[in-house]
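Undergrad: Need the 3D shape of this:
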Amino acid sequence: MAPMAVRERGATAVCASVFLVALAIRLIAARELWQLPLVRTPKLDSAEYLSWARRLAAGDFSWPVVSQHGPGYPLFLAAWLAIGSGSPPFAIAVQAVVGALTATLVAAIARDSFGDGAALAAGLVYVLYAPAIYVDVALLSEGLLLFLLTLALLLLGRAENLWRGPFRPVSAALKGPPHFVIASAGVALGCAILVRPTAVVVASACAMWLLVQRSRNAAAILVVTCAVVIAPAVAKNWSVSRTLSLQGYGGLNVYIGNSPQQSGRPTFRLGGAWDALNAEPSRAGITDPAAQDRYYLRKTLSEIRRQPIAYLRLLAAKLVWLVQAEEIRDSHSFYFFADRGRSGLDRNRSAESLALQRRRHRHRSASLSGERIV
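TA: Numbers count the residues shown, from 1 in each chain. Here you go, the predicted structure:
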């Protein structure tokens, strides 16, 4: 057998192994998490996604004046609810498959650059990472977003391989002109923006990379195909709310994440503090959603100008949060669900997560000791 055929079979075996292990773990986790009342009766973001998806599945395509989320994930969820007779567990099982495909894409990216050993290692790291398992089987958009972004990065890497010369063996399934592969990456990035509009940052970075590394034509193909995908949603949003933003409350989120007077993390919770912050524009006589976004943007920039040193400290703290082990708590805690997954999540928690738990326990004990002394 030719050496190339042997390498192709080895690459296929690695990717298939990663997919099957990832799928098994995610299906087990989905089954166990569905036993939790908190999961069976979704709250906050999950409830909003499910409500919109159910309306779409029932044929109600009315567009919200202020969309709390991008339309991509509700459309995805609605399709599987319609196919699965409205069953959320069926849609979650489909998401488990998507999550397994994400792990396979991670392995394929590593294989293209570093070989089969790196592919297996990278794939298994993603397969066993508890927060990734959770978002892949939760009624949240992050799992679909990760799949689309990873797919786009794989396609751009394959296009680069085409420019440089012959494909590596695992890439043989994507033979074709580089510009066609780039256009496919643009479609994936456009879908990612529909799922989570902040993906426009990744799309912009990819376009800049193509502009610098390749050509204006390559960057233009990526931008145009991405724009074609998001254009219908942008046009619909403009007709309803007279704003180009695909997701509401952008200004408020910018303020929460960038005000030097805040922590840079989503620490606001439903209650008095949230109500007070959310009502500020209304108390100032501003009722238009787009104008409310501008209010928070002005507020953020004003505080940054007044406290530039505090803002630099905030950016440094956010950089540390970006690279350290603990996942930031949002409207939910990843570790709450990991603690309740008897096998799929709990048994696959990494040594880093265990060390992190011990560190948090020590900090908590030290805090309690300090309170006693005071």
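
Undergrad: so where's the stretch 201-350 of the chain shaky on pLDDT?
TA: Under the criterion pLDDT under 70, the flagged ranges of the stretch 201-350 of the chain are 248, 267-273, 329-350.

Undergrad: Could you pull out the helices in it for me?
TA: For the stretch 201-350 of the chain, helices defined by DSSP state H, counting those that start in this stretch occupy the ranges 216-241, 250-258, 272-278, 280-283, 289-306, 308-323, 334-340.

Undergrad: Identify the residues contacting the fifth one?
TA: Contacts made with helix 289-306 from outside it, assessed by Cβ atoms under 8 Å, 6 or more residues apart in numbering, are listed as 65-66, 241-243, 245, 248-252, 254-255, 258-261, 280-282, 284, 286, 311. Quick note: C-beta positions are derived from backbone N, CA and C, even for glycine.

Undergrad: again, 7 Å this time
TA: 65-66, 241-243, 248, 250-252, 254-255, 258-261, 281, 284, 286, 311 (Cβ atoms under 7 Å, 6 or more residues apart in numbering).

Undergrad: Could you list the low-pLDDT ranges of the stretch 51-200 of the chain?
TA: 66, 161-177.

Undergrad: which stretches of it form helices?
TA: 72-83, 88-114, 116-128, 130-137, 142-164, 178-195, 200-213.

Undergrad: Can you convert the ones you listed into JSON lines and add a column each for mean neighbour count and distance to Tyr49?
TA: Below are the helices of the stretch 51-200 of the chain laid out as JSON lines (neighbours: other Cβ atoms under 10 Å; distance: least, Cβ to Cβ, whole Å):
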{"stretch": "helix 72-83", "mean neighbour count": "21", "distance to Tyr49": "6"}
{"stretch": "helix 88-114", "mean neighbour count": "22", "distance to Tyr49": "10"}
{"stretch": "helix 116-128", "mean neighbour count": "19", "distance to Tyr49": "23"}
{"stretch": "helix 130-137", "mean neighbour count": "26", "distance to Tyr49": "13"}
{"stretch": "helix 142-164", "mean neighbour count": "21", "distance to Tyr49": "11"}
{"stretch": "helix 178-195", "mean neighbour count": "24", "distance to Tyr49": "11"}
{"stretch": "helix 200-213", "mean neighbour count": "16", "distance to Tyr49": "20"}
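
Undergrad: sorry, back to before: figure out which of the helices of the stretch 201-350 of the chain is closest to Leu44.
TA: helix 272-278 (11.7 Å; Cβ to Cβ).

Undergrad: Out of the helices of the stretch 201-350 of the chain, flag the one nearest Leu128.
TA: Per Cβ to Cβ, nearest to Leu128 of these: helix 334-340, 11.6 Å.

Undergrad: Near Thr243, how many other residues are there?
TA: Per other Cβ atoms under 10 Å, the neighbour tally for Thr243 reads 19.

Undergrad: Kindly confirm whether my reading is correct that it touches Lys236.
TA: No - the criterion here is Cβ atoms under 7 Å, and Thr243 misses it with Lys236 at 11.4 Å.

Undergrad: ok so, going back, could I get the helices of the stretch 51-200 of the chain as JSON lines with distance to Leu20?
TA: Putting those into JSON lines (distance: least, Cβ to Cβ, whole Å) gives the following:
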{"stretch": "helix 72-83", "distance to Leu20": "21"}
{"stretch": "helix 88-114", "distance to Leu20": "8"}
{"stretch": "helix 116-128", "distance to Leu20": "10"}
{"stretch": "helix 130-137", "distance to Leu20": "15"}
{"stretch": "helix 142-164", "distance to Leu20": "17"}
{"stretch": "helix 178-195", "distance to Leu20": "24"}
{"stretch": "helix 200-213", "distance to Leu20": "29"}
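
Undergrad: doesn't Tyr311 make contact with Pro260?
TA: Yes - in this structure, Pro260 is within contact of Tyr311 by Cβ under 7 Å, at 4.2 Å.

Undergrad: residues contacting Val223?
TA: Per Cβ under 7 Å, 6+ apart, neighbours of Val223: Ala207.
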